[in-house]
Structures are given as structure tokens and as C-alpha cells.
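S.K.: model this:
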Amino acid sequence: MTSSSSNNNNKSNNEEDPREPNNCPPLTLNPDLSSERAKVSFNPLAITNFLDGSVSATANRRLLESWIIRDPTGVFDNVDNNYLHRSERHKRALAKFVRLVELCRAAGIGGKSNSASSSSATAAAAAVNHLEGEIIATPEFQTLVYAISDDPFPTSLHWVMFVPNILTLCDAEQQAQWLPLCRDWKMIGCYAQTELGHGSNIRALETTATFLKEQDGGAKGGEWIINSPTLTSTKFWPGTLGKTANHAMVIARLIDGSGVDHGIHNFLVPLRSMEDHTLLPGVETGDIGPKIGYNNMDNGFARFTNVKIPRRNMAMRFAMVDEEGNYKKVVPKGDDDGGEGGNSSSNKNADAASKVAYITMMQVRAYIIHSSNDALAMACTIAIRYSTIRRQGYNTDDTDKKKWMENAPNEIQVLDYRQQQYRLLPLLAASYAIFFSGKHVLARLKDIENQLVSGSTAITKTVVGDIHATTSALKSYATAFTADGIEDCRKACGGHGFLVSSGLVELSNTYLQSCTVEGDNYMLPQQVVKVLLKLVGAMQSGNAGLLKDHKGTDMEYLIAPLTTLMKQNGGVPNKSSFVFPTTNENTHDFLDISTIMKAFQHRSACLLLDVAMQLASNMAKSSAQQAWNNCLLDMARASRAHASYILLRDFYNGLKEEERKSSASCLGPNEIRVLSQCLTLLGLYWMDQYLEDFLQNQSISPASIPHLRQAILDVMTLLRPDAVGLCDARDYSDFRLKSALGKYDGDVYPAIMESARRDPLNRNSADGGVGMGYDESLKKLIVGGIGEYKKGLSGTVSRL
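M.R.: Alright, predicted model coming up:
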């Protein structure tokens, strides 16, 4: 589908929307917002279709969302969320999820197995597919989860990490035993890795799984004894663990039958009875208490005291322990191999296969990256819509001074202020960039996972390391940028942004955990640079074979600028061989996205080589540990540069791919034009934000800065009329936004008042509007005279 060249509102008069009453699209009540939609130069619905995947996908998503919005039970209603205690929200979230499963079963979602839908799937790839009847892997399930628009379900870790671990790390016999129970929601699991004393450093985890042979008192065939030997070994933070899960995939140190510690492995540990949900002997779990956000979720703690589990409850796809307690690595032959049918091996296939556990973790990071685009886009939608409705200050250029002085409606729309545009438009552009990168890494990880499970030799350590660096860099940068961006959107809404009814407070508080979970954002850059330095080492070695391994990776772009830099034999900071301007038209250079991206490539290469050279210099005069520590700040800059280039590159490549599709693409020329303007603005914005990097490597001279900033103004001018359309293209219903300020119809002030009146402090007032606490306390001051000053009355003075 190509878009019409004429102006189109996202909710045109003839467009049906099943999410709305009588399938009619909502009207735009606010005249300013209506005027904004009339100015849009592209078809927002075309971008909606692209984001969804097709015209039919948009229609299907809207239909699924309507199930939630118009569900007759009313269980999905979120209107009172802001006034509920977390205990009540947790209970309601469980009720919502049970209703969701009921809807899925009634609609036949998950009726066919994934493998059946793809005749070309290999046997090994099928091993990571779900069973027939499994709903959690279907796109319909994911759409419905998002549509409910609440904090994550208490059950979320079951499908986010527990089931994926069974699929990738357990052998065929184990999958046959456990996956049907997962599918039928008899077994509800979580992923228990983080401990009270250790998070990212998984090698330091203390929980133990000690093998006890049958002849030494163990069960038939031997068994594992799970223990939390210290207070700091307490599992702490895993979602779903507190009160919901009845099983956990516990990450523990494997101690074999001879007492040898083989490091961390995965063990499926029953926590609660599958009959009445009571805790099993030796297991203690509970909720960790209130958090900044995410309070539907029962993030939990768990301690294990001599908890016994069968030998076969160890995940045995890539490693196993036999009945005599002997440990060995395994390379699966294929899906038909049962229990322990793999071959023992120490070749590079086994080494690559052992990375599957890390790939599973990386997939969670990739989901976090991809979900960031939605969180940021929702915040932008609220702030930009409100900024077109809210007016502040008078238009002093208006020649009708009498009209101005009489407070007539010639106040300036807040979005017309340049500082508001600079605050919001680059954030909106970034939400689209994150969408493209999230889509890229998810697809790439799935391909790598399938190849690893099949035993393919094409997935080398370099490939695994590269995707690890990419997901680490993007997770660190995109989540920090999004969290800060949501807060900037809240501030951009002025005083009303401080209201919980703005929708931005809960959005921010819920999202904040993304900056810490699955790797702290200040620690991940070390992992990024550790991988990228291997590329530097390969280039310095002159080994063509090592360099060949980097072809096709996300870091391949670094090879050309690094080659030039290394020939210069310069010092720190490295000087870029690419310099603005490339023509005599300075501002024009800054409007060319290819030129901008080249500058970002050279920035990454210079900062990376700076780290390599600083590290070598520091190691000559201090310990390796101290040398590394002294380079951490430079590593953070190099990681940020790598991430920002990947985001721009994926955005650029995604648009080029749609251009190549021509009429087969949902995007027409107008949509590609406005998204390209977003891409250009984002590149310029990041260049301005991190100007010191470009000045340091001399790819920009101080004399060019005015041209850079003029280019930013030029692109913001182009995007300003399309800002609301780019938000509408996201197609968020009011139900999902949960915002008085971001309503589609623009009728924000009645919505703010309605929210205020719903507060229990108002609803539970006595007759005459007497507030709670008056009779017990306030009356004693106003009527009882406790606070009266009585002159001349002596009293005692307390001495502190």
C-alpha cells in the first residue's frame, strides 16, 4: 500500500476503529489539535500500517485491542489504578491475566504449533518452537498483553524467561515433560538468577546445587541438594518469584559427585505445591516490598535449605551429570535425542552451543530495547499533543494590541517555542530509531539462536561477541535515553505534568527499572568495549583471518576509519580523517544524512582507539585492574558512540529498504520523507548534545557549530507541522495512554477535573464536602481551640 499524497488524518471519517463505540473514530474536540491534524503532510495511517507490518495487521491489532477495551466483565478497567494500594493492584493484575488466558482459549489462539506453520523449519529450529496450543509465543498474545496497558503482569517472567530457558537449555525429554504443564498453566515459572549480594557478576553467585549419589543417601539415580549457604546468596529481585510462581529456573553453582565446582548451571526447582500453592519443604519465598514502579509485579526473594530435586531437573541440553555424579558437556544430535542422547565433545560446536544461555539473556535485553520505542513514543504523544493545546505567552508580533491586551486567544502554542521543539521533536525521532534497531536485534538474535541450537558452525565466538556488544550498547544507551526522555516529556508539560493523571508519572516509574535490569547501564559499556577492543587487536595483528571473522557484524563499520587512524600513528585524542564541511555550503553538509553518519562512524573509531591507546599506556605504569578502571569513563563514551551509530544506521537502512520495496511498502514518498527528516534531526541533535566528542576528534571545527545549530532549526521547522501526525501514527488509544493530557480528542481540561474528582480524598468526603480527618484532627484546631494563643498563660518549655 502506498499513501495518498494528500493530507490525511489518522482517524478519517470513513475509517472504522473497533476500539471505539459503534466502531466510529473519535472526534477531535480541541480546535488547535484539529488544526494540527489538517496540516499534516503525510498519511499517519500508512506509518501505522508499516509499524504493525501491514494494513491487515493494523486491523487485527485494533480488533484485539477492542477485546480488552470493551470486555463486558470490566476487569481490564484502569480508571482507578492511581488510587489503589499495590496489594490490590497485584490482585487485580492476576484477575486480568486469568481473563486474558480465558479470552485466548475462547478465540482459539495458539491452536497450531509454531513449527507447523513453517514447512522450511529445520529440526533444530523446531526445537525452539512452542507446543500446539501454546498461546504465549503468538503475536495475538503479545498484542493483548500490550493492550491491557497496565504494569507488567505478575506472571510475566513465565513467558519472558522461564519457558525460553526450557526451550533452549533443556533436552527433548525434559521439554516433553515440562512444556505441556507450562502451556496449560499448571507450571508457572520464573528465572531466579540475581542474589541479594550479586547481580551482574554471575560468576560470583553463591547458591549451590550439590549432587548426592544414590549410594550416599540420595534418591534413586541421584539427586541435587539446593542450598542458600549465606544471607547474600538469597535470590532477590526475580519477577514472579514472590507469590506467583510455583517453579523457578534457579541459577546455581553445580557441585558434581566428586565435589568439583563446575560453575553456574540451570536447575528447575519446584517452589510451591501445584495443588494448593503452599510452599514446599525447605523453600522460603516472599515479595521484596514496594518499589518506585512495577508494583503489580511480585519481585521476590527465595532461600533454599536442603531442597531436594531429581537429577534430571538440571537443564541437560548442553551439559549433564550421570547417575554416578560425573559431569560432561553435550552436543545434541537433534530434536529426536532423548534424555542424555547427545555426544560428549569439547570442540568449537560445544563452545558455541554453550552460548545459548547468554543468547536467551540477550533476547530479554533485545525486548527491553524494542519496548523502549513504545515507552518513549507514548511520552512524546502525550507531551506533543498537550503542547499544541496549551498556550503560554502572547504573540507580540500581533498588530492588534487591543486584542492582545484583552487576553484574546492569540497566546502562543507551547510547541511553537523553539526550546519546546528542541526538547520534544528529537525524542519523537529517537522513538522511531529505537523501533528499527529493536526490530533488527530481535531478528538477528532469533537467527543466531536457531543456528546455535542446530549445531551450526557458522556462529563463531566473534558473531556471538558482536551481538552481545550490540545488545549491551543499545540496552545501556537506549534505556538511559528513554528514561531521561520520558522525564523531559513530563517536565515539558509544566505543572500538569506533575499530576499522576498526566500518565507520565506512572509511565516513568514503570520504565525506570529498564535502566538496571539485565545489566546496569553504567556497567554494560565495559562489556561492549571488551568486544570492540578485540577488533582493534585483530587489526593491529595484521591477521587477515581474524579480520575476516568480523565481516557482516555490527562492528564492521569500524574497520575503514580504524585503518586510516592507525596509519596516522597519532596520539590521544585521535584526530578524525573526516572533517566538516565537505563542501563550501556548510549548512547543507549538516542536512545530508550520509555525511552525518560518516561523522558518527569516525567518532566511534576515534573514541575506541583512544581507549585502546590509553589502556596500553596505563598498563605500562600500573596494574591491569587499575589501568582498566582508569579507562571506564572513556569506555562509556565509546559505547555510547557505538550505540548511537547503530541506531542511526538501522533507521537509515530501514528506510532504504522500504524505498527499494516501492509500491510493495506501506510507506509512500511522503512518509519516507518525514521519517528521513526525523533521522536527520536525531543525528544533528546527538551531534549537538555530544559536541565535545566531535570537537575532540576535530571532525567539526568551532567555526562550524553555528551551521550545525542552524541546520537543527531548519529541520525542526520542517517537522513542526507533522509532529502531531507522527504521534497519531503510533495509534495509541486513550485506553492505552491513560493520560488526561494526551487524549486523542484534545479535551484535556475536563479530563483533568474528572480525574481530580475521582480521588478518594474527594469521593469519600462527608456531606458538605467535609474532608477525611476533620473530626479526628483538624476540628480540634479550628473548633476545639488547641492552637489558640492565650496571652499571659504560663506554661512549660520543653528542652531538646
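S.K.: Now do the contacts for residue 257.
M.R.: Going by Cβ atoms under 8 Å, 6 or more residues apart in numbering, residue 257 touches 211, 213, 222, 321, 324, 325, 326. Every C-beta, even on glycine, is put in place using the N, C-alpha and C of the backbone.
S.K.: which of those residues count as buried?
M.R.: 211, 213, 222, 321, 325 (16 or more other Cβ atoms under 10 Å).
S.K.: what's the farthest-apart pair in the residues you listed?
M.R.: 213 and 321 (10.2 Å; Cβ to Cβ).
S.K.: which residues do these two both contact?
M.R.: Common neighbours of residue 213 and residue 321, using Cβ under 8 Å, 6+ apart, are 222, 257.
S.K.: Work out which residue lies at the spatial centre of this structure.
M.R.: Nearest to the mean C-alpha position of the chain, by Cα atoms, centre = their mean, lies residue 368 at 2.2 Å.
S.K.: can you tell me the helix or strand for the closest residue to residue 36 other than its chain neighbours?
M.R.: Among residues not flanking residue 36 along the chain, residue 724 sits closest, at 4.1 Å (Cβ to Cβ, 6 or more residues apart in numbering). Here residue 724, judged by DSSP states H and E, is contained in helix 723-728.
S.K.: which residues of the chain score low on pLDDT?
M.R.: 1-15, 112-129, 331-357, 398-409, 582-585, 793-800 (pLDDT under 70).
S.K.: most residues in a single helix of it, which one?
M.R.: Criterion DSSP state H: the longest helix present in the chain is helix 418-453.
S.K.: Any idea how far that helix is from the middle of the chain?
M.R.: Distance, stretch centre to chain centre, for helix 418-453: 10 Å (Cα atoms, centre = their mean, to the nearest Å).
S.K.: buried sites along it?
M.R.: For helix 418-453, burial by neighbour count (16+ other Cβ under 10 Å) applies to 420-442, 444-445, 448-453.
S.K.: buried ones in the following helix or strand past it?
M.R.: Downstream of helix 418-453, the first helix or strand assigned by DSSP H and E is helix 461-492. For helix 461-492, burial by neighbour count (16+ other Cβ under 10 Å) applies to 462-483, 485-490, 492.
S.K.: what's near enough to touch residue 710?
M.R.: Shown in contact with residue 710 (Cβ under 8 Å, 6+ apart): 587, 590.
S.K.: Report whether it is found in a strand, as I expect.
M.R.: No. Secondary structure of residue 710 (DSSP: H, G, I helix; E, B strand; the rest coil): helix, not part of a strand.
S.K.: can you give me the helices in the stretch 251-400 of the chain?
M.R.: Using DSSP state H, counting those that start in this stretch, the helices assigned to the stretch 251-400 of the chain run over residues 348-353, 356-389.
S.K.: now swap in the stretch 651-800 of the chain and tell me
M.R.: Secondary structure of the stretch 651-800 of the chain (DSSP H, counting those that start in this stretch): helices at 669-689, 691-696, 705-719, 723-728, 734-737, 748-758, 760-763, 779-782.
S.K.: hang on, the earlier thing: which strands and helices sit next to the helix holding residue 724?
M.R.: On a contact count with 3 or more Cβ pairs under 8 Å, 6 or more residues apart in numbering; DSSP states H and E, helix 723-728 meets helix 31-39, helix 44-52, helix 356-389, helix 418-453, helix 669-689.
S.K.: could you pull out the strands for the stretch 151-300 of the chain?
M.R.: 189-192, 208-212, 223-227, 235-236, 247-255, 261-270, 283-287, 300-304 (DSSP state E, counting those that start in this stretch).
S.K.: Any chance of JSON lines for those strands, columns distance to residue 743?
M.R.: Shown next, in JSON lines, are the strands of the stretch 151-300 of the chain (distance: least, Cβ to Cβ, whole Å):
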{"stretch": "strand 189-192", "distance to residue 743": "37"}
{"stretch": "strand 208-212", "distance to residue 743": "53"}
{"stretch": "strand 223-227", "distance to residue 743": "51"}
{"stretch": "strand 235-236", "distance to residue 743": "40"}
{"stretch": "strand 247-255", "distance to residue 743": "42"}
{"stretch": "strand 261-270", "distance to residue 743": "46"}
{"stretch": "strand 283-287", "distance to residue 743": "35"}
{"stretch": "strand 300-304", "distance to residue 743": "37"}
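S.K.: quick one: which of those is nearest residue 645?
M.R.: Smallest distance to residue 645 across those (Cβ to Cβ): 31.8 Å, for strand 189-192.
S.K.: Starting from the closest one, tell me which strands it pairs with and how they run.
M.R.: Sheet pairing for strand 189-192, assigned by DSSP bridges, gives strand 247-255 (parallel).
S.K.: So what angle separates the directions of the partner strand and strand 300-304?
M.R.: Angle, strand 247-255 to strand 300-304, by axes from the mean of the first three to the mean of the last three Cα atoms, to 10 degrees: 50 degrees.
S.K.: Please renumber the chain so that the first residue is 36 from this point on.
M.R.: Let's use 36 as the start, then, which means that last one is strand 282-290.
S.K.: Just the residues contacting strand 282-290, thanks.
M.R.: For strand 282-290, the external contacting residues (Cβ under 8 Å, 6+ apart) are 196-197, 200-201, 222-228, 237, 240-246, 261, 270, 273, 276, 296-306, 337, 339, 349-350, 356, 362.
S.K.: go again using 6 Å as the cut-off
M.R.: Strand 282-290 has contacts (Cβ atoms under 6 Å, 6 or more residues apart in numbering) with 197, 200, 222, 224-228, 242-245, 296-297, 299-306.
S.K.: ditto for stretch 630-642
M.R.: Against stretch 630-642 from outside (Cβ under 6 Å, 6+ apart): 592-593, 596-597, 600, 609, 611, 613, 624, 672-673, 676-677, 680, 683, 718, 728, 732, 734.
S.K.: returning to what we had before: can you pull the buried residues of the helix holding residue 759?
M.R.: When burial is assessed from 16+ other Cβ under 10 Å, helix 758-763 yields the following buried residues: 758, 759, 760, 761, 762, 763.
S.K.: In this structure the first one contacts residue 419, no?
M.R.: I take that to be residue 758. Yes. Assessed by Cβ atoms under 6 Å, residue 758 is found in contact with residue 419 at 5.2 Å.
S.K.: Report the set of residues contacting both of the two.
M.R.: By Cβ under 6 Å, 6+ apart, residue 758 and residue 419 have no common neighbours.
S.K.: on that earlier part again, nearest approach to residue 84 belongs to which of the helices of the stretch 686-835 of the chain?
M.R.: Smallest distance to residue 84 across the helices of the stretch 686-835 of the chain (Cβ to Cβ): 9.7 Å, for helix 704-724.
S.K.: if we can go back for a sec, tell me which of the contacts of residue 292 is nearest to residue 819?
M.R.: Using Cβ to Cβ, residue 246 comes nearest to residue 819 of the contacts of residue 292, at 72.2 Å.
S.K.: For the closest one, which residues are in contact?
M.R.: By Cβ under 6 Å, 6+ apart, the contact list for residue 246 reads 257, 291, 292, 356, 360.
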